[in-house]
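> how would this look folded up:
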Amino acid sequence: MKINNIRVATLASIVLVAALTRLLPHPFNFTPIGAIALFGGAYFSKKYLAFLIPLSAMLLSDALLGFHNSMWAVYLSFVLIVAIGMGLLQKVTAGRVFGSALLSSVLFFVVTNFAVWYGSAGFYPQTLSGLGACYLAGLQFYQQDFFGNLFFNTVLGDLFFSSVLFGAFEALKSQVPSLKAA
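This next block holds a predicted model:
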């Protein structure tokens, strides 16, 4: 399959701009992380680009923001969300983007809170009940921020940014025929 350079450059620019919005002030966890991964998985026709470009943009923004001990879980979630985009968004529709964004939010919560439990070094018992306690505490953690709970953070952020990214590219495709898939 031939690479459409204009399409790849446009997609990469959208991903980079979205990743850099993480540097702007925002409510906790109201970020484009899940949307970037879904978007990459859905639109890059070359699988390696679907991973490489969004991951590179995330690394760039994280290099500016800083790293923490459980970044492996964030990046594992990110890679899995790219795969969700590849699988569930082969045909992009509003309903599929909505469902994929919700699934991505839940996946991110499950994976990153598992990492908290796994790396808790005695704070949570390394048992099934300890894992459950960690997930419960994770839900309570989300309730202490500006918007008030998990829905208004990760879920609403993923839905908002997915709408913006997918909507913007679909609008561009209708105006610029060379952006359509090869």
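
> Centre-most residue in this structure?
residue 34 (1.4 Å; CA atoms, centre = their mean).

> for that one, what are its contacts?
Residue 34 makes contact with 81, 101, 104-105, 108, 154, 157-158, 161-162, according to CB atoms under 8 Å, 6 or more residues apart in numbering. In this view, the C-beta of every residue, glycine as well, is placed from N, C-alpha and C.

> could you pull out the strands for this structure?
With DSSP state E as the criterion, the chain has no strands.

> give me the low-pLDDT residue ranges for it?
1, 141-152, 182 (pLDDT under 70).

> which residues in it form helices?
Here the chain has its helices, by DSSP state H, at 5-20, 33-43, 47-65, 71-88, 94-118, 128-142, 156-175.

> out of those, which comes closest to residue 26?
helix 156-175 (8.1 Å; CB to CB).

> list the buried ones in that closest one?
156-159, 161-162, 164-166, 169, 173 (16 or more other CB atoms under 10 Å).

> and of the residues you listed, the nearest to residue 135?
Set against residue 135, the nearest of those by CB to CB is residue 158 (18.6 Å).

> Tell me who's in contact with the closest one.
Counting by CB under 8 Å, 6+ apart, residue 158 has contacts 33-35, 101-102, 104-105, 108.

> how about 7 Å then?
Counting by CB atoms under 7 Å, 6 or more residues apart in numbering, residue 158 makes contact with 34-35, 101, 104-105.

> do the same with residue 49
Contacts of residue 49 (CB under 7 Å, 6+ apart): residue 8.

> Give me the distance between residue 62 and residue 55.
Using CB to CB, to the nearest Å, residue 62 is found at 10 Å from residue 55.

> Ignore what I typed, I meant residue 119.
Distance of residue 119 to residue 55, computed by CB to CB: 22 Å.

> If you count surrounding residues, which of these two has more?
More crowded of residue 119 and residue 55, by other CB atoms under 10 Å: residue 55, with 19 against 13.

> Now the more buried one. Nearest residue, chain neighbours left out?
Nearest residue to residue 55, sequence neighbours excluded (CB to CB, 6 or more residues apart in numbering): residue 78, at 6.8 Å.

> Can you report how many residues lie near that neighbour?
23.
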